[in-house]
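1. Mind folding the following:
(one chain, ligands or ions: 1)
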Amino acid sequence: MTLAVSGLVRRFGDTTALDGVSLALGEGEFVAVLGPSGSGKSTLLRALAGLEGADAGEIRIAGRDMAGIPARERQIGVVFQNYALFRHMTVFENVAFGLRVRPRAARPARAELARQVRELLALVQIPELERRYPDQISGGQRQRVALARALAISPRLLLLDEPFGALDALVRREVRRWLRGLHDRLGLTTLLVTHDQEEAMELADRVAVMERGRLVQFDAPPALLAAPASPFVAGFIGHATRLEGKVQDGVLRFGTLPLPALRVALPDGRATAYLRPREVVALPGAGGAMVQLVRATAEGELRLVVQASGLALDAVLGEAAPGWPARGAPCRLHVVAAQVFAADGTRALGQPSAPAPVACRAGTEGV
Ligand SMILES: Nc1ncnc2c1ncn2[C@@H]1O[C@H](COP(=O)(O)OP(=O)(O)OP(=O)(O)O)[C@@H](O)[C@H]1O
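-> Alright, predicted model coming up:
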């Protein structure tokens, strides 16, 4: 089922929650809407679901204009962060509710309803839980019940608003991979609202980045990283550090910061560079910087925070050496690449003049 939104505007008093949002989803696509708090993600999803009106713009689902079509007639499955399961109803009854709210003509008779509920519970892999109440099952299982209930109306379009918010990191990862598989298997079109970059980048075919009510970039994850459309996207995606510099004769320098100059195809003048943690490599030895913190990531890699001219920079380890890295140890920095924006917003890739040392992928053993 295709979804096409054009020029959607939603105001709340002085706040413009949606400021002319246009986007189109193809059949079977999985799209994540990513943005900071208050950027309009939930408002967009609620408008699509028919739970929120719009001041201007158009929403088309499978080519049909949704103006004036109430939520229950849109054939959209919706799952919110808090799942909103009915606590006094069993898992079976919660899912059956999804079938009972269907328009009268599509409502199944009793025996058929029970069959369909069991089929849905099997689909979300919790057939054994039908007699339990929501507070007798885990968060991940509640999430599956909410999804089964949303799928009960046989939606072709699924809208998910921070559906993994209440789950711990491990369960969250497992449930989201499973959800992506389900999306593919059922041939759904899915729009997922999240503020979790990792989630968006891992799950989605394309990511819609929102900033203050506007859709600022809509691209596949690799394109967002390789060609951010604006300084905001460059800073937001990949937790980049923002540094001011000056370009002269195609060379970007960072003033007193102990960072090597970068070659960049931009005109002379001020420029802003965005450096992701993986793009700054720390090597042992005097070089104007110092290791402030050594930490291990959940994936078992080491990450550093280095101090350079009063600035704290995220970096990766460039070399494994005895006693290195240690807190307080001197180090020198190498930059692998950086997204650089001129004052007029033109973007170019900053690259080192000397070849980059390969970032050491040493694990945490032996530290
Ligand atoms: N019912 C409402 N009344 C007034 N203002 C609202 C209402 N709903 C949303 N807003 C405002 O609209 C803006 C966008 O809100 P929205 O909930 O869509 O953001 P969001 O990106 O989903 O944020 P979060 O990640 O924090 O959930 C915010 O400034 C918010 O305060």
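
2. Helix, strand or coil: sort out the residue of the stretch 251-367 of the chain found nearest the ligand for me.
-> Using Cβ to the nearest ligand atom, the single residue of the stretch 251-367 of the chain nearest to the ligand is Tyr274, 22.1 Å away. To be clear about C-beta, it is placed using only N, CA and C from the backbone, and glycine gets the same treatment. Here Tyr274 is recorded as strand under DSSP: H, G, I helix; E, B strand; the rest coil.

3. Kindly report the same for Phe92.
-> What three-state DSSP gives for Phe92 is helix.

4. you'd agree Leu215 is up against Leu18?
-> No - in this structure, Leu215 is not within contact of Leu18 by Cβ atoms under 8 Å, at 9.1 Å.

5. higher neighbour count, the two?
-> Comparing Leu215 with Leu18 by other Cβ atoms under 10 Å, the one with more neighbours is Leu18, at 27 against 22.

6. residues touching that one, list them.
-> Leu8, Val9, Arg10, Gly40, Thr43, Leu44, Ala47, Ala54, Gly57, Gly213 (Cβ atoms under 8 Å, 6 or more residues apart in numbering).

7. Next, format those as JSON lines and append secondary structure and distance to the ligand.
-> Below are the contacts of Leu18 laid out as JSON lines (DSSP: H, G, I helix; E, B strand; the rest coil; distance: Cβ to the nearest ligand atom, whole Å):
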{"residue": "Leu8", "secondary structure": "strand", "distance to the ligand": "12"}
{"residue": "Val9", "secondary structure": "strand", "distance to the ligand": "12"}
{"residue": "Arg10", "secondary structure": "strand", "distance to the ligand": "8"}
{"residue": "Gly40", "secondary structure": "coil", "distance to the ligand": "4"}
{"residue": "Thr43", "secondary structure": "helix", "distance to the ligand": "3"}
{"residue": "Leu44", "secondary structure": "helix", "distance to the ligand": "7"}
{"residue": "Ala47", "secondary structure": "helix", "distance to the ligand": "9"}
{"residue": "Ala54", "secondary structure": "coil", "distance to the ligand": "13"}
{"residue": "Gly57", "secondary structure": "strand", "distance to the ligand": "15"}
{"residue": "Gly213", "secondary structure": "coil", "distance to the ligand": "7"}
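
8. between those, which is nearest Val316?
-> Gly40 (34.1 Å; Cβ to Cβ).

9. Please identify the buried residues of stretch 244-257?
-> Neighbour-count burial for stretch 244-257 flags Gly245, Val247, Val251, Leu252, Phe254, Leu257 (criterion: 16 or more other Cβ atoms under 10 Å).

10. Glu119 in helix, strand or coil?
-> helix.

11. tell me the mean pLDDT over the lengthiest strand in the chain?
-> Identified as the longest strand of the chain according to DSSP state E is strand 280-296. Strand 280-296 comes out with an average pLDDT of 92.

12. quick one: strands adjacent to it?
-> Sheet pairing of strand 280-296 (DSSP bridges) gives strand 302-308 (antiparallel), strand 311-317 (parallel), strand 330-335 (antiparallel).

13. need those strands in CSV with mean pLDDT, can you?
-> Formatted as CSV, these follow (pLDDT from 0 to 100):
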stretch, mean pLDDT
strand 302-308, 92
strand 311-317, 92
strand 330-335, 94
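
14. sorry, back to before: who wins for most neighbours among the contacts of Leu18?
-> Leu44 leads the contacts of Leu18 on contacts (other Cβ under 10 Å) with 30 neighbours.

15. Spell out whether stretch 21-34 and the ligand are in contact.
-> No - using Cβ under 6 Å from any ligand atom, we find that stretch 21-34 stays clear of the ligand, coming within 8.3 Å at best.

16. returning to that earlier point: distance to the ligand and secondary structure added to the buried residues of stretch 244-257, as TSV?
-> TSV is the format used below for the buried residues of stretch 244-257 (distance: Cβ to the nearest ligand atom, whole Å; DSSP: H, G, I helix; E, B strand; the rest coil):
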residue	distance to the ligand	secondary structure
Gly245	32	strand
Val247	35	strand
Val251	39	strand
Leu252	34	strand
Phe254	33	coil
Leu257	33	coil
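
17. Rebuild the residues you listed as TSV, extending it with pLDDT.
-> Shown next, in TSV, are these (pLDDT from 0 to 100):
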residue	pLDDT
Gly245	96
Val247	97
Val251	96
Leu252	97
Phe254	95
Leu257	93
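
18. Turn the strands paired with strand 280-296 into CSV, columns for distance to the ligand and mean neighbour count.
-> Output for the strands paired with strand 280-296, formatted as CSV (distance: least, Cβ to the nearest ligand atom, whole Å; neighbours: other Cβ atoms under 10 Å):
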stretch, distance to the ligand, mean neighbour count
strand 302-308, 26, 20
strand 311-317, 24, 20
strand 330-335, 32, 20
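
19. burial measure for Leu160, as a count.
-> With other Cβ under 10 Å as criterion, Leu160 counts 26.

20. What of the one 3 residues further on?
-> Close neighbours of Pro163, defined as other Cβ under 10 Å, add up to 27.

21. Mind checking what secondary structure it has?
-> Assignment for Pro163 (three-state DSSP): coil.

22. oh, and call the first residue 452 from now on, that's how I've got it
-> Got it, first residue is 452 now, which makes that one Pro614.

23. so what's it up against?
-> Applying Cβ under 8 Å, 6+ apart, the residues near Pro614 are Val530, Phe531, Gln532, Tyr534, Gln594, Ala597, Leu598, Leu630, Leu643.

24. Could I get the pLDDT score of the second one?
-> In this model, Phe531 is scored at 82, pLDDT.

25. ok, the closest residue in space to it that isn't next to it in sequence to Asp647 distance?
-> Nearest non-adjacent residue to Phe531, counting by Cβ to Cβ, 6 or more residues apart in numbering: Asp612, 4.9 Å away. Using Cβ to Cβ, to the nearest Å, we find Asp612 at a distance of 13 Å from Asp647.
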